[in-house]
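Trainee: sequence-free structure coming up:
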């Protein structure tokens, strides 16, 4: 009987005349693939019968004393297959070599073979779509029990979804699973190596780009990130029109606002006065100095170590029209600065004030639905500016927060307000200017992000939000990034309506 791969085949290896060579009392032991017959004689010797073309030749392979010693010396090859720390059920273990066997691991991933002494084998685990470590294990000339363990190799498919918390991520393919993004929009799957997988995000009211991502024969870790777009906020009336930022600079600034980390060209003009008017002068020597005002943008800039803009070139001569062109490279958001030109002759504009920040912010305050909290000082390091000054945001953020609030209040009809904490200052920038902010706090620089608190330690009882519900409301209202912060940080929901990668800093 030989295994064909799908069934046992019965092959007539010995005719009745050939079988006659077996004496009465002898017993057949085995037949190999070459047609050789092995049997145990009546005196317990082991024989091999080999067909020479006309008849079987009887060869005495082992005496009874030798065969008894061999029978006594049989050993076990056993082990366990693990998957992610647990037993791997149903893995086929193939044993090839002196003898060929197969078995399947039990519910704990264990398997075992009993084999003769002095034999040699290779053990190989197989399971569709799975890679094992090691791929195989060899045992040679066994003189004792042996152990061969294997583990399923795992890979990770992970990524970030900019919609933030609460996006359902479905995994299909060789393995099926589902998870939900965390407060930062991150997710992760730990999976058998070698499989084929597809990752698909979903959230009511959102579309995702790409709609899904697939990986075939996955043997290394993969990253699948997604971007999202909201379907809007139908059925809710438009918000009231907000007032534009009307912050009066402490310095007598010209009202000029330039973006951070930008280059802006300016001119000094050199002239001479005559009875008929002024005449441009070519070749005037110009030198420029820069600095900043201490009390600006609701903050006391108390340290000379704060960076300020530079002028390039910082000196030179006017052209034929009497103009000296130079470029200001800006730095810290929210700072009001100046540059001064000096010359041995007259200049029409020898000093210019400018603010570094954003001129598109609005004063975001709807007292009927927003209870405002925030810092109470105008210092440079410890607070968040005054509560009144910490209410500015872009128009997109203002609309988004309004629609998110209305969605949330519709879901919670007994609540009439939410507790709004940080937005940004009149022209943007850091609340705590002595600190170096990182994401996501730096998103307040632009006025695109708002924090909504959910703790009794900060907010009136009737304005505390359910963080999960408000995070979903922000996403439904078009927020591109939502983070749910938990202790040790003060619990709050961070909603951002502009991709931080588009910020000019």
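Mentor: Great, that's in hand. All values derive from a computational prediction rather than experimental measurement.

Trainee: Find the helix or strand that residue 114 is a member of.
Mentor: Using DSSP states H and E, residue 114 maps to strand 110-116.

Trainee: Correction: the previous question concerned residue 359.
Mentor: Residue 359 belongs to no helix or strand when assigned by DSSP H and E.

Trainee: and it, how many neighbours?
Mentor: Residues contacting residue 359 under the criterion other CB atoms under 10 Å number 14. No exception for glycine: its C-beta is placed from N, CA and C like everyone else's.

Trainee: what's across from residue 484 in the sheet?
Mentor: residue 493 (DSSP bridges).

Trainee: If you could redo that for residue 452, that was the one I meant.
Mentor: Beta-bridge pairing of residue 452 under DSSP bridges involves residue 420, residue 493.

Trainee: neighbours around it, how many?
Mentor: 27.

Trainee: any idea how far residue 419 is from it?
Mentor: Separation of residue 452 from residue 419 (CB to CB, to the nearest Å): 6 Å.

Trainee: shared neighbours, the two?
Mentor: Common neighbours of residue 452 and residue 419 (criterion: CB atoms under 8 Å, 6 or more residues apart in numbering): residue 465.

Trainee: by contact count, what packs against the strand holding residue 114?
Mentor: Counting contacts by 3 or more CB pairs under 8 Å, 6 or more residues apart in numbering; DSSP states H and E, strand 110-116 packs against strand 74-83, strand 92-97, strand 101-104.

Trainee: please redo it, this time with the cut-off set to 6 Å
Mentor: Packing contacts for strand 110-116, counted by 3 or more CB pairs under 6 Å, 6 or more residues apart in numbering; DSSP states H and E, involve strand 74-83.

Trainee: quick one: the strand it packs on to chain centroid distance?
Mentor: Centroid displacement of strand 74-83 relative to its chain, using CA atoms, centre = their mean, to the nearest Å, is 38 Å.

Trainee: List the buried residues for it?
Mentor: 75, 77, 78, 79, 80, 81, 82, 83 (16 or more other CB atoms under 10 Å).

Trainee: Show me where the stretch 51-200 of the chain has its helices.
Mentor: Using DSSP state H, counting those that start in this stretch, the helices of the stretch 51-200 of the chain run over 64-72.

Trainee: which regions of it sit below the pLDDT cut-off?
Mentor: Flagging of the stretch 51-200 of the chain using pLDDT under 70 yields the residue ranges 51-73, 85, 129, 183.

Trainee: which of the residues in stretch 172-180 are buried?
Mentor: Within stretch 172-180, the residues that count as buried by 16+ other CB under 10 Å are 173, 174.

Trainee: residues in contact with that stretch?
Mentor: With CB atoms under 6 Å, 6 or more residues apart in numbering as the test, stretch 172-180 has contacts from 129, 166, 168-171, 187, 189, 191, 195-198.

Trainee: which of those residues are buried?
Mentor: 129, 166, 169, 171, 187, 189, 191, 195, 197.

Trainee: okay if I get these as TSV plus distance to residue 102?
Mentor: Shown next, in TSV, are the buried ones among the contacts of stretch 172-180 (distance: CB to CB, whole Å):
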residue	distance to residue 102
129	19
166	47
169	38
171	31
187	39
189	31
191	26
195	23
197	29
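
Trainee: Just flag the most distant two among those.
Mentor: The largest separation in these, counting by CB to CB, is between 129 and 166 at 30.5 Å.

Trainee: Let me know the closest of the contacts of stretch 172-180 to residue 181.
Mentor: Closest to residue 181, out of all of the contacts of stretch 172-180 and judged by CB to CB, is residue 187, at 4.9 Å.

Trainee: List the contacts of the closest one.
Mentor: Applying CB under 6 Å, 6+ apart, we find residue 187 in contact with 169, 179, 181.

Trainee: Closest one to residue 151 out of those, please.
Mentor: Nearest to residue 151 among the contacts of residue 187: residue 179, at 23.2 Å, using CB to CB.

Trainee: coming back round to it: so which of the buried ones among the contacts of stretch 172-180 are in strands?
Mentor: Among the buried ones among the contacts of stretch 172-180, the subset assigned to strands under DSSP state E consists of 169, 171, 187, 189, 191, 195, 197.

Trainee: show me what contacts the last one?
Mentor: Right, the one you point to is residue 197. Listed by CB under 6 Å, 6+ apart, the contact set of residue 197 reads 171, 173, 215.

Trainee: and of these, the nearest to residue 119?
Mentor: For the contacts of residue 197, the residue nearest residue 119 by CB to CB is residue 173; the value is 40.4 Å.

Trainee: Output the below-cut-off pLDDT ranges for the stretch 301-450 of the chain.
Mentor: Applying pLDDT under 70 to the stretch 301-450 of the chain flags residues 301-306, 347-349, 374-388, 430-441.

Trainee: if we can go back for a sec, could you save the ones in strands among the buried ones among the contacts of stretch 172-180 as TSV and add columns showing distance to residue 240?
Mentor: Formatted as TSV, those follow (distance: CB to CB, whole Å):
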residue	distance to residue 240
169	38
171	45
187	38
189	45
191	50
195	54
197	48
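
Trainee: just the helices in the stretch 401-505 of the chain please.
Mentor: So, for the stretch 401-505 of the chain - with DSSP H, counting those that start in this stretch - the helices run 467-476.

Trainee: Doesn't residue 333 belong to a strand?
Mentor: No. When DSSP: H, G, I helix; E, B strand; the rest coil is applied, residue 333 is found to be coil, with no strand at that position.

Trainee: Going forward, count from 8.
Mentor: Renumbered: residue one is now 8, and that last one reads residue 340.

Trainee: nearest residue to it other than its sequence neighbours?
Mentor: residue 436 (3.8 Å; CB to CB, 6 or more residues apart in numbering).

Trainee: can you pull the contacts of that neighbour?
Mentor: Residue 436 makes contact with 304, 340, 341, 364, 452 under the criterion CB under 6 Å, 6+ apart.

Trainee: Take the residues you listed and lay them out in CSV including neighbour count and distance to residue 479.
Mentor: Shown next, in CSV, are these (neighbours: other CB atoms under 10 Å; distance: CB to CB, whole Å):
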residue, neighbour count, distance to residue 479
304, 29, 34
340, 27, 31
341, 25, 32
364, 31, 32
452, 25, 26
